[in-house]
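Q: Generate coordinates for the sequence data below:
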Amino acid sequence: MKRKRLPTTEKRNPRSADIDTLSTLEIVDLINSEDRTVPEAVGSQRREIAAAIDVIVDSLRGGGRLFYVGAGTSGRLGVLDASECPPTFGVKRSLVQGIIAGGRRALVRSIEGAEDYPRDGAEAIDKKRVTSRDVVVGLAACGVTPFVHGALRRAGQIGAATICVTCAPEVVQSIPAEIIINPVVGPEIVTGSTRMKAGTATKLVLNMLTTTTMIKLGKVYGNLMVDLQAVNNKLRDRSLRILMELTDLSRRRAQALLKRADGQLKAAVVMHFRRVDRDRAISILERNDQILRRAIAGDGEKA
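A: Numbers count the residues shown, from 1 in each chain. Alright, predicted model coming up:
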């Protein structure tokens, strides 16, 4: 009988075959050694990642949304990345969303059987009312998760752009996605435990997808998060420090300016450089597609 070909994520790692006989320090060193291979694997997918980002940017500029779909660790990473976009980049919570097999309960406890049904993935896409303007990114370390495949197929039928992140090269041809990002990190230290290297690779890819997308959409000026939502003391202080750095104002004057801008950092920066009030600053930003660098420069436009 022909043996079923295992995906890389399910193979045994010969370097950790005797890991249970090692000392604590030796185990730590071995895990660290394996983890160091992950960034290189992700870097090998730079062109695919860049292509995916361009698709996402075009979609969001056209009024679309970004959806991550996954199960288990992959699903939790998608929900995590989506949940961090609003406070970091000031976007609506509906713009980037995470869908996990098993629903909200699966975020805090394992519901392994939830990933076994492709129809559930398709239904999740329908429930979110995905349209042809949206992008759906499937997250499946092993590449064969039925829930993710069902979601990607349904998204493709609707006309949405489809992308998949997987660490298993053996199954790439069977994945129903237009762009496939495939960082091959090899077998895990503990066989099949894709929360380890595969999870790390997935997190690195998601960091690149949303961060670069938001940079392209004008959510960052230089390397400063000028669209952050100052919803706690730490972020309020960061907002003030950014304003001080960009304008060279004293802390007292920067606080007064931020108050006149109703706490909107980007508007405050435009108010300072264009010598306008808050409403005028917001109007200038809107005419410049919320790109702060262009709004400050003015491009010959009279304030």
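Q: Could you check the pLDDT of the closest residue to residue 161 other than its chain neighbours?
A: Leaving aside its chain neighbours, residue 161 sits nearest to residue 135 (4.5 Å; criterion: CB to CB, 6 or more residues apart in numbering). C-betas here are computed from N, CA, C, even on glycine. Turning to residue 135, the model gives it a pLDDT of 98.
Q: do the same with residue 3
A: Looking at residue 3, its pLDDT stands at 56.
Q: tell me the contacts of the nearest residue to residue 289 once chain neighbours are set aside?
A: Leaving aside its sequence neighbours, residue 289 sits nearest to residue 218 (CB to CB, 6+ apart; 6.4 Å). Residue 218 makes contacts with 227, 289-293, as judged by CB atoms under 8 Å, 6 or more residues apart in numbering.
Q: Can you verify residue 218 is assigned to a strand?
A: No: secondary structure of residue 218 (DSSP: H, G, I helix; E, B strand; the rest coil): coil, not part of a strand.
Q: What does it show for phi and psi?
A: Per-residue torsions, residue 218: phi 90, psi 20 (degrees, to the nearest 10).
Q: Against residue 60, how distant is it?
A: To residue 60, residue 218 is 11 Å away according to CB to CB, to the nearest Å.
Q: And the strands in the stretch 101-250 of the chain?
A: 135-139, 161-165, 179-181 (DSSP state E, counting those that start in this stretch).
Q: Go through those strands and name the closest to residue 236.
A: Checking those against residue 236 by CB to CB gives strand 135-139 as the closest, at 32.2 Å.
Q: In its sheet, which strands sit next to the closest one, and in what direction?
A: strand 66-70 (parallel), strand 161-165 (parallel) (DSSP bridges).
Q: Rebuild those strands as CSV, extending it with mean pLDDT and distance to residue 257.
A: Below are the strands paired with strand 135-139 laid out as CSV (pLDDT from 0 to 100; distance: least, CB to CB, whole Å):
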stretch, mean pLDDT, distance to residue 257
strand 66-70, 98, 33
strand 161-165, 98, 41
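Q: Take these and lay them out in JSON lines including distance to residue 282.
A: Shown next, in JSON lines, are these (distance: least, CB to CB, whole Å):
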{"stretch": "strand 66-70", "distance to residue 282": "25"}
{"stretch": "strand 161-165", "distance to residue 282": "31"}
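Q: for these, which one sits closest to residue 9?
A: That would be, of those and by CB to CB, strand 161-165, which comes in at 12.4 Å.
Q: mind saving the C-alpha coords of the closest one as PDB?
A: Extracted in PDB, the C-alpha atoms of strand 161-165 (Å, rounded to 0.1, in the frame of the first residue of the first chain):
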ATOM      1  CA  ALA A 161      -9.200  38.300  -3.800                       C
ATOM      2  CA  THR A 162      -7.800  35.200  -2.100                       C
ATOM      3  CA  ILE A 163      -4.400  34.700  -0.400                       C
ATOM      4  CA  CYS A 164      -3.100  31.800   1.700                       C
ATOM      5  CA  VAL A 165      -0.300  31.500   4.200                       C
END
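Q: when you give positions from now on, start the count at 757
A: Okay, using 757 as the starting number, the last item reads as strand 917-921.
Q: What lies in contact with that strand?
A: Here strand 917-921 makes contact (CB under 8 Å, 6+ apart) with 808, 811-812, 815, 830, 890-896, 899, 904, 908, 911-912, 931-939, 958, 961-962.
Q: which of the residues in that strand are buried?
A: With burial defined by 16 or more other CB atoms under 10 Å, the residues of strand 917-921 counted as buried are 917-921.
Q: same thing with stretch 855-868?
A: Residues 855-858, 862, 867 are the ones in stretch 855-868 that count as buried (16+ other CB under 10 Å).
Q: Mind picking the two most distant members of these?
A: Spatial extent of the buried residues of stretch 855-868 (CB to CB) is set by the pair 855 and 867 at 13.7 Å.
Q: Include pLDDT and distance to residue 761 when you put the buried residues of stretch 855-868 into a markdown table, please.
A: Putting the buried residues of stretch 855-868 into a markdown table (pLDDT from 0 to 100; distance: CB to CB, whole Å) gives the following:
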| residue | pLDDT | distance to residue 761 |
| --- | --- | --- |
| 855 | 96 | 29 |
| 856 | 95 | 28 |
| 857 | 92 | 24 |
| 858 | 88 | 28 |
| 862 | 80 | 29 |
| 867 | 67 | 28 |
